[in-house]
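Asker: Sequence and computational prediction follow.
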Amino acid sequence: MRLHMYQVDAFTDKLFHGNPAAVCPLDRWIPAELMQKIAMENNLAETAFYVPGPERHEIRWFTPAVEVDLCGHATLASAFVLFNFGGFQGSVAEFDSRSGLLSVRRDGDLLTLDFPADSPSAVDAPELLVRALGAQPLEAYKGKTDYLLVFGEQREIEAMTPDFGSLAKVHARGIIVTAPGKEVDFVSRFFAPEVGVSEDPVTGSAHTTLTPYWSKRLVKTNLTAMQLSKRPGMALVQTCGRSRQNQRARPRLPGRLDRSGVSRIFRPSGMTDTRFKHPGEIVPRRSEGLRRSKRHTPRRRAAPAAHHRTERRRHEHRR
């Protein structure tokens with residue numbers, strides 16, 4: 001069994017920015033246990049698996065620890081793979097998921113996610129959550145799966161250093177912290193230690209909660225956003241009953257950004273063989289290189305051994 005996999009940086013047009021996701025196209029579903037092991041091996045925030053259909057595609061997402069109900073950046077990455085490597089000719093890719101129907105529209109190199117909006121309700125921030133963040137929010141809300149904590153200034157979001165051990169004890173998929181931005185409408189960060197991700201670089205699903213809040217507060221339907229992780233990413237969001245996120249995505253590869261992919265071949269034994277694939281370029285597998293090395297090794301070692309025996313015989317003759 002061979003499963004090809006791509007790694008795509010979503011929510012960015014720069015190399016080594018945005019949120020990396022692994023995407024694994026399948027012909028048919030494989031056991032969930034195997035998908036979880038592959039996600040754990042990848043050790044990225046999310047690995048997406050999809051099975052193409054005649055009209056819609058089925059999609060599932062796994063963190064290194066658990067399967068999740070919704071993931072924006074891995075959906076964006078999956079659509080990118082479909083459009084650029086999967087032979088999909090349409091302008092809208094539709095996915096059936098645990099969270100219902102999701103769609104990604106292609107307009108040139110701009111991809112638009114159309115996700116259901118999640119309007120949070122006001123709550124009292126749990127004391128454990130406040131202690132774990134080391135900061136007191138001005139407002140606290142709870143959406144379907146995440147807490148949303150609002151602060152006064154961008155610098156508070158930038159300076160935050162959570163206690164992830166304590167934060168993992170808070171019963172929520174994720175913790176969103178947000179504030180007005182200096183150069184954008186709002187900034188945010190996303191922590192999700194309970195599902196195995198201390199901090200997610202750029203979180204598409206978090207913006208389904210952020211967008212309704214900031215749209216109502218700023219009385220705007222189109223907003224600009226930035227997620228302030230070590231791999232920052234920008235988002236253009238729009239609310240219209242559903243939360244739309246417009247973003248670019250580029251595959252991450254050393255030296256190339258266009259029409260290239262990383263292919264990992266997973267074998268049932270658990271061994272992997274990774275190689276870079278570029279258009280028109282054939283790269284030998286690592287295993288072939290190892291076999292060549294083994295064939296040459298005995299010949300390189302034979303000469304010094306023969307030379308040693310010759311010198312010994314000469315010494316004995318002189319005695």
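Answerer: Cool, the structure landed.
Asker: which SS class is Lys216?
Answerer: With DSSP: H, G, I helix; E, B strand; the rest coil as the basis, Lys216 sits in helix.
Asker: count of neighbours near it?
Answerer: Counted with other CB atoms under 10 Å, residues neighbouring Lys216 total 11. C-betas here are computed from N, CA, C, even on glycine.
Asker: And Glu94, by the same measure?
Answerer: Counted with other CB under 10 Å, residues neighbouring Glu94 total 17.
Asker: next one: the one 3 residues further on
Answerer: Residues within reach of Ser97, counting by other CB under 10 Å, total 19.
Asker: now the one 5 residues further on
Answerer: The local packing of Leu102 (other CB under 10 Å) involves 24 other residues.
Asker: other SSEs contacting the helix or strand harbouring it?
Answerer: When elements are defined using DSSP states H and E, Leu102 is found to belong to strand 100-107. In terms of contacts (3 or more CB pairs under 8 Å, 6 or more residues apart in numbering; DSSP states H and E), strand 100-107 is packed against helix 72-84, strand 92-97, strand 110-116.
Asker: what's the helix or strand encompassing Phe49 in contact with?
Answerer: With elements delineated by DSSP H and E, Phe49 resides in strand 47-51, which encompasses its position. Contacts with strand 47-51, where a contact means CB atoms under 8 Å, 6 or more residues apart in numbering, come from 21-30, 35, 38-39, 57-62, 71, 74-75, 77-78, 82, 95.
Asker: What ranges does the stretch 51-200 of the chain have for its helices?
Answerer: 72-84, 127-133, 154-159, 164-167 (DSSP state H, counting those that start in this stretch).
Asker: Quick check: which of the ones you listed is buried the most?
Answerer: Scoring the helices of the stretch 51-200 of the chain by mean neighbour count under mean count of other CB atoms under 10 Å gives helix 72-84 as the most buried, with a mean of 27.
Asker: Could you quantify the relative orientation of that one and strand 47-51 as an angle?
Answerer: Angle of helix 72-84 versus strand 47-51, following axes from the mean of the first three to the mean of the last three CA atoms, to 10 degrees, is 50 degrees.
Asker: Adding distance to Glu46 and mean pLDDT, write the helices of the stretch 51-200 of the chain out as a markdown table.
Answerer: As requested, the helices of the stretch 51-200 of the chain are exported to a markdown table (distance: least, CB to CB, whole Å; pLDDT from 0 to 100):
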| stretch | distance to Glu46 | mean pLDDT |
| --- | --- | --- |
| helix 72-84 | 4 | 92 |
| helix 127-133 | 23 | 97 |
| helix 154-159 | 22 | 98 |
| helix 164-167 | 18 | 96 |
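Asker: Tabulate these (JSON lines), appending distance to Ala192.
Answerer: Formatted as JSON lines, these follow (distance: least, CB to CB, whole Å):
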{"stretch": "helix 72-84", "distance to Ala192": "13"}
{"stretch": "helix 127-133", "distance to Ala192": "13"}
{"stretch": "helix 154-159", "distance to Ala192": "16"}
{"stretch": "helix 164-167", "distance to Ala192": "9"}
